[in-house]
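Trainee: Kindly return the folded structure for what I paste below:
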Amino acid sequence: MLLIPERKYAIVYRPADDEGNVVIQLQGRKMTVRHHQLRLLVRADQLYPDDYDFSIVFDTVENLKAAHTMSRKFDPNAVIVVCEGKEEK
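Mentor: Numbering: from 1, shown residues only. Presented below is the predicted three-dimensional model:
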């Protein structure tokens with residue numbers, strides 16, 4: 001997506017709700033914008049295969065490392081933090 005006022009590229013994190021608000025990720029931060037401020041450049045099905053793991057795009061490096069560690073072995077210090085609904089306006 002192209003964020004029109006700023007002319008910057010963004011990725012849709014959550015599609016538009018009933019009021020037309022879209023959550024996007026722009027330069028590592030999530031923000032809510034109105035759908036009319038966005039222009040579609042490339043559809044997601046053209047960029048990513050059906051089984052693509054979007055945690056690579058949207059998750060923090062610390063969470064990815066912790067998930068990798070937890071998949072390999074038990075580590076009582078490994079913690080994955082999920083911050084839902086904490087986007088900027």
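Trainee: how close does residue 73 get to residue 9?
Mentor: Here the criterion is CB to CB, to the nearest Å. By it, residue 73 lies 38 Å from residue 9. All C-beta atoms are positioned from the backbone trio N, CA, C, and that covers glycine.
Trainee: which of these two has more neighbours?
Mentor: More crowded of residue 73 and residue 9, by other CB atoms under 10 Å: residue 9, with 13 against 7.
Trainee: Please report the confidence value the model assigns to the more buried one.
Mentor: Among the per-residue scores, residue 9 shows a pLDDT of 89.
Trainee: Does it touch residue 41 like I think?
Mentor: Yes. At 7.4 Å, residue 9 and residue 41 qualify as touching, with contact defined as CB atoms under 8 Å.
Trainee: shared neighbours, the two?
Mentor: Shared contacts of residue 9 and residue 41 (CB atoms under 8 Å, 6 or more residues apart in numbering): 1-2.
Trainee: give me the beta-bridge partners of residue 30?
Mentor: residue 25 (DSSP bridges).
Trainee: Now do it: how many residues are near it, please.
Mentor: Residue 30 has 18 neighbouring residues, counting by other CB under 10 Å.
Trainee: cool, and residue 22?
Mentor: If you count neighbours by other CB under 10 Å, residue 22 ends up with 20.
Trainee: Show the contacting residues for it.
Mentor: Residues near residue 22 by CB under 8 Å, 6+ apart: 12, 14-16, 32-35, 38.
Trainee: Which of these ranks first by neighbour count?
Mentor: Neighbour max across those (other CB under 10 Å) = residue 33, 23 neighbours.
Trainee: Tell me the confidence at that residue?
Mentor: Reported pLDDT for residue 33: 93.
Trainee: Wait, a strand at it?
Mentor: Yes. Under DSSP: H, G, I helix; E, B strand; the rest coil, residue 33 falls within a strand.
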